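K.L.:
The sequence and its predicted three-dimensional model are supplied below.
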Amino acid sequence: MGFFSKLRSRLTYANAMSTIAVFIALGGGAYAVSVPRNSVGPKQLKNNAVTSAKVKNRSLVIGDFKSGQLALGSAARADDQDPAAAPGGTVTTMSLQNRIAGRVFVLATLRDPFLTCAAPCSAQWGIYIDDKAVPDTGLTLAAAENESDGRPYHTLYGVSASVAAGKHTIRLTRTDSGGIATVGQISAQLGAIQLSG
């Protein structure tokens, strides 16, 4: 009996498949699976399958969201007027040290600014850097005789013209007309930061 005859007598389906499996395993195998576009969604993903570690090098941008999915913030200035050319009485003050020349962003808050007039009168708040008015940082209250004006809360903010390197005095001030019975604010805060360039 020859070699091939002996081999054929011992050859079974199980032997043939196990031999093929060994060759595939030793030789390696690569299989490509094609997944249709947009076919994987929440139903196909297990809970916690996508973790922050798996997407840590990917940042979402506004284009990743459909219209209406992302609520965008907004801001508005209530008065948008320039303060008086010359500062009035100081409400609060601070210093800012600039290492280089540049513009400065200023921000002040007024809690409950109020005005009551014995005769027609007005009061104007504003922010100044080295006694120069910062544009668009004004708030004016005005009232007729025996009337009042006020706000529960007000934010003043703006950007100055370029200022030189060095120490600068930033002031929130109030300029009062005649005829005022009472005027002021419950509290006030002031802040500033230099903008690059």
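P.N.:
That came through, no problem. All figures in this text were calculated on a predicted structure; none of them were measured in a lab.
K.L.:
Render the CA-only coordinates of the helix or strand where Ile170 lies in PDB, please.
P.N.:
Secondary-structure element containing Ile170, defined by DSSP states H and E: strand 166-176. Only the C-alpha atoms of strand 166-176 are listed here, as PDB (Å, rounded to 0.1, in the frame of the first residue of the first chain):
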ATOM      1  CA  GLY A 166       2.900 100.900  32.800                       C
ATOM      2  CA  LYS A 167       0.600 101.400  35.700                       C
ATOM      3  CA  HIS A 168      -2.900 102.700  35.000                       C
ATOM      4  CA  THR A 169      -5.800 103.900  37.200                       C
ATOM      5  CA  ILE A 170      -9.200 102.500  36.300                       C
ATOM      6  CA  ARG A 171     -12.200 104.200  37.900                       C
ATOM      7  CA  LEU A 172     -16.000 103.700  37.900                       C
ATOM      8  CA  THR A 173     -17.400 107.200  38.500                       C
ATOM      9  CA  ARG A 174     -20.800 108.900  38.700                       C
ATOM     10  CA  THR A 175     -21.500 112.400  37.400                       C
ATOM     11  CA  ASP A 176     -24.500 114.100  39.100                       C
END
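K.L.:
Give the pairing partners of that strand; include direction for each.
P.N.:
strand 89-98 (antiparallel), strand 121-129 (antiparallel) (DSSP bridges).
K.L.:
what's the most buried one of these?
P.N.:
Most buried of the strands paired with strand 166-176, by mean neighbour count (mean count of other C-beta atoms under 10 Å): strand 121-129, with a mean of 23. Where you see a C-beta, it was placed from the backbone N, CA and C, and this is true even at glycine.
K.L.:
Sheet-wise, list the partners of the helix or strand just after that strand with their directions.
P.N.:
Sequence order places strand 132-133 as the next helix or strand after strand 121-129, per DSSP H and E. According to DSSP bridges, strand 132-133 forms sheet pairs with strand 121-129 (antiparallel).
K.L.:
Now tell me what touches stretch 157-164 from outside.
P.N.:
Under the contact criterion C-beta atoms under 8 Å, 6 or more residues apart in numbering, stretch 157-164 has outside partners 77, 98, 101-108, 127, 129-130, 132, 134-137, 195.
K.L.:
Could you give me the buried positions within that stretch?
P.N.:
The neighbour-count check on stretch 157-164 (16 or more other C-beta atoms under 10 Å) flags 157-158, 160, 163 as buried.
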